[in-house]
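Visitor: just a sequence and a predicted model for now, questions to come.
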There are 2 protein chains.
Amino acid sequence: MTQAARPARAARAPRRDAVRNYERIVEAARDAFGESGADACMDEIAARAGVGVGTVYRRFASKDALIDELLRLAMAELTTAAGHALARDDGHGLDELLRALGQSFADHASYAHLLLERQPDADAARRLRTAMQELTARAAAAGTIGPSVTIDDVMALVRAMRGLAHDSGAHVMDDWQRFLDIHLTGLRAGSSAGR
Amino acid sequence: MTQAARPARAARAPRRDAVRNYERIVEAARDAFGESGADACMDEIAARAGVGVGTVYRRFASKDALIDELLRLAMAELTTAAGHALARDDGHGLDELLRALGQSFADHASYAHLLLERQPDADAARRLRTAMQELTARAAAAGTIGPSVTIDDVMALVRAMRGLAHDSGAHVMDDWQRFLDIHLTGLRAGSSAGR
DNA sequence: AGGTATCCGGAATACGGATTCCGGTTAGAG
DNA sequence: CTCTAACCGGAATCCGTATTCCGGATACCT
């Protein structure tokens, strides 16, 4: 019934160049933020995308809106990863999700810090947190991590990894893996991390 | 001989209000950056210090210069801490220095991330790094940490703690301690943190 | 107390970057 | 092929902040 129900308000499919530019802009934004830090200016983004600033603003109401879009996309990836992790029934789902987070932070290093604040999709964020909570419980049950490890400990680890990704050093790209391994060792051993 | 050797170019001691304002400004800057993030504006800093912007600029050539001063002060504290840590001859000097770093990051959370980049005192930074290297070696020798732990691992931990301090959550103020304990456990246990 | 080198406040200016506007183009329906 | 809704580029505008300037206040020496 809906199939032919809008000759009155037919939304003509967007023009080709429009979609093409949309994609270019998103990618250009990632590059720009990646290089010039989170304060790359709109002019540069537009230049990288090979379009004028006006075009950028036709797609994104503001710079913030553009950033929000990047965050939404990144969060979508994480949601998928969380799904995968929850599907496992051994005690290694948490481990898997943490690695996905680390990779995501590395991929989107320049604006990763925003993923833990200004989260445009509060719902997704909440679901992700819930997943981590569940996975933490399972891991504790399976003995993959110590029984006294709390969700806060895991969140701290997440924030720490984000910080690790922040630098733009040469080798930093995979430092986080070794770091994560070490910390997981600590989580496994520690049953009463002092203090 | 130097005691009375500069009537020609006597540098009259600075006026009282001048020194008082200097201190007020530094403190105000810390507060401002702490609350409004690292992009607090000069007007606000001046207001908090109870002086006009002009006064701020008489002391600090620019906003950057002001930030550099904060960094220098923080780095001075760390240099002291490093001295303390090196003075110990048990294997816990590294541990001590790491705690000092964590505390420093917590204290200067708002601009802590700059301590690892834009370091105005390159010399101090180098010395600090050398100290950490020495302490890492000693800790490894004493068995406080695994033998395969490298200085890079330790640096990663430092960067991670800095990231941890970045958030301005309520309880974050001492999350880092628990986090550090856990990670140290990992460093002690791991002798071949795989990959 | 008097004189003056210093210091202060805050309005005025300089600047950079976000956002808006509009005349010129172009994809794609008929 | 023609026409027009959509789309484009980038100059012009707006706005928030850093930085400069200078006519008064003030601390400190004599």
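Guide: All right, it came through fine.
Visitor: now stretch A:79-95: buried residues?
Guide: A:Thr79, A:Ala81, A:Ala82, A:Ala85, A:Leu86, A:Gly91, A:His92, A:Gly93, A:Leu94, A:Asp95 (16 or more other Cβ atoms under 10 Å in any protein chain shown). C-betas here are computed from N, CA, C, even on glycine.
Visitor: what residues of stretch A:131-150 count as buried?
Guide: Buried residues in stretch A:131-150, defined by neighbour count with 16+ other Cβ under 10 Å: A:Ala131, A:Met132, A:Glu134, A:Leu135, A:Thr136, A:Arg138, A:Ala139, A:Ala140, A:Thr144, A:Ile145, A:Gly146, A:Val149.
Visitor: gap between it and the chain center?
Guide: Relative to the mean C-alpha coordinate of its chain, stretch A:131-150 is positioned 22 Å out (Cα atoms, centre = their mean, to the nearest Å).
Visitor: and if you look at stretch A:101-120?
Guide: Per Cα atoms, centre = their mean, the centroid offset for stretch A:101-120 relative to its chain is 5 Å.
Visitor: that older thread, so which of the buried residues of stretch A:79-95 is the closest to DNA strand C?
Guide: Nearest to DNA strand C, judged by Cβ to the nearest atom of the strand, of the buried residues of stretch A:79-95 is A:Thr79 at 27.2 Å.
Visitor: tell me which helix or strand the nearest residue to that closest one once chain neighbours are set aside sits in.
Guide: Computed as Cβ to Cβ, 6 or more residues apart in numbering or on different chains, the closest residue to A:Thr79 that is not its neighbour in sequence is A:Ala124, at 5.5 Å. Assigned by DSSP states H and E, A:Ala124 belongs to helix A:122-142.
Visitor: what about that helix, distance to the chain center?
Guide: Taking the mean of its C-alpha atoms, helix A:122-142 sits 16 Å from the chain's own mean (Cα atoms, centre = their mean).
Visitor: tell me the mean pLDDT for the following helix or strand past that helix?
Guide: Heading C-terminal from helix A:122-142, the first helix or strand you meet, by DSSP H and E, is helix A:151-166. Over the span of helix A:151-166, the pLDDT mean works out to 94.
Visitor: now helix A:151-166: buried residues?
Guide: Those would be A:153-166, for helix A:151-166 by 16+ other Cβ under 10 Å.
Visitor: check which helix or strand covers A:Ser110.
Guide: A:Ser110 is located in helix A:109-112, with elements delineated by DSSP H and E.
Visitor: with A:Asp68 instead?
Guide: Under the criterion of DSSP H and E, A:Asp68 resides in helix A:63-87.
Visitor: and that helix, how far out from the chain's middle?
Guide: That offset, for helix A:63-87, works out to 5 Å (Cα atoms, centre = their mean).
Visitor: can you name the next helix or strand after that helix?
Guide: Sequence order places helix A:93-107 as the next helix or strand after helix A:63-87, per DSSP H and E.
Visitor: what are the contacting residues of that next one?
Guide: Under the contact criterion Cβ atoms under 8 Å, 6 or more residues apart in numbering or on different chains, helix A:93-107 has outside partners A:74, A:77-78, A:81-82, A:84-88, A:112, A:115, A:131-132, A:135-136, A:138-139, A:144-145, A:154, A:157-158, A:161-162, A:164-165, A:173-174, A:176-177, A:180, A:184.
Visitor: now do 7 Å
Guide: Helix A:93-107 is contacted by residues A:74, A:77-78, A:81-82, A:84-86, A:88, A:112, A:131-132, A:135-136, A:138-139, A:144, A:157-158, A:161-162, A:165, A:173, A:176-177, A:180, A:184 when judged by Cβ atoms under 7 Å, 6 or more residues apart in numbering or on different chains.
Visitor: tell me how far whichever residue of chain A sits closest to DNA strand C lies from A:Gly54.
Guide: At 3.0 Å from DNA strand C, A:Cys41 is the closest residue in chain A, using Cβ to the nearest atom of the strand. Separation of A:Cys41 from A:Gly54 (Cβ to Cβ, to the nearest Å): 15 Å.
Visitor: the two: which has the busier surroundings?
Guide: For the pair A:Cys41 and A:Gly54, the greater number of neighbours falls to A:Cys41 (12 against 8), based on other Cβ atoms under 10 Å in any protein chain shown.
Visitor: and the pLDDT for that one?
Guide: For A:Cys41, the pLDDT comes out at 95.
Visitor: same check on A:Met1?
Guide: Per-residue pLDDT puts A:Met1 at 40.
Visitor: cool, A:Asp31 as well?
Guide: As predicted, A:Asp31 sits at a pLDDT of 92.
Visitor: for it, helix, strand, or coil?
Guide: helix (DSSP: H, G, I helix; E, B strand; the rest coil).
Visitor: contact partners for A:Glu44?
Guide: Shown in contact with A:Glu44 (Cβ under 7 Å, 6+ apart): A:Ala32, A:Ser36.
Visitor: host element of it?
Guide: A:Glu44 is part of helix A:42-49 when elements are defined by DSSP H and E.
Visitor: quick one: find the helix or strand in chain A with the lowest mean pLDDT.
Guide: Least confident helix or strand, chain A: helix A:109-112 with a mean of 90, by mean pLDDT, DSSP states H and E.
Visitor: so does that helix get close to chain B?
Guide: No - if you take Cβ under 7 Å from any Cβ of the partner chain as the test, helix A:109-112 misses chain B, and the best it gets is 9.8 Å.
Visitor: check which helices and strands that helix sits against.
Guide: helix A:16-36, helix A:151-166 (3 or more Cβ pairs under 7 Å, 6 or more residues apart in numbering or on different chains; DSSP states H and E).
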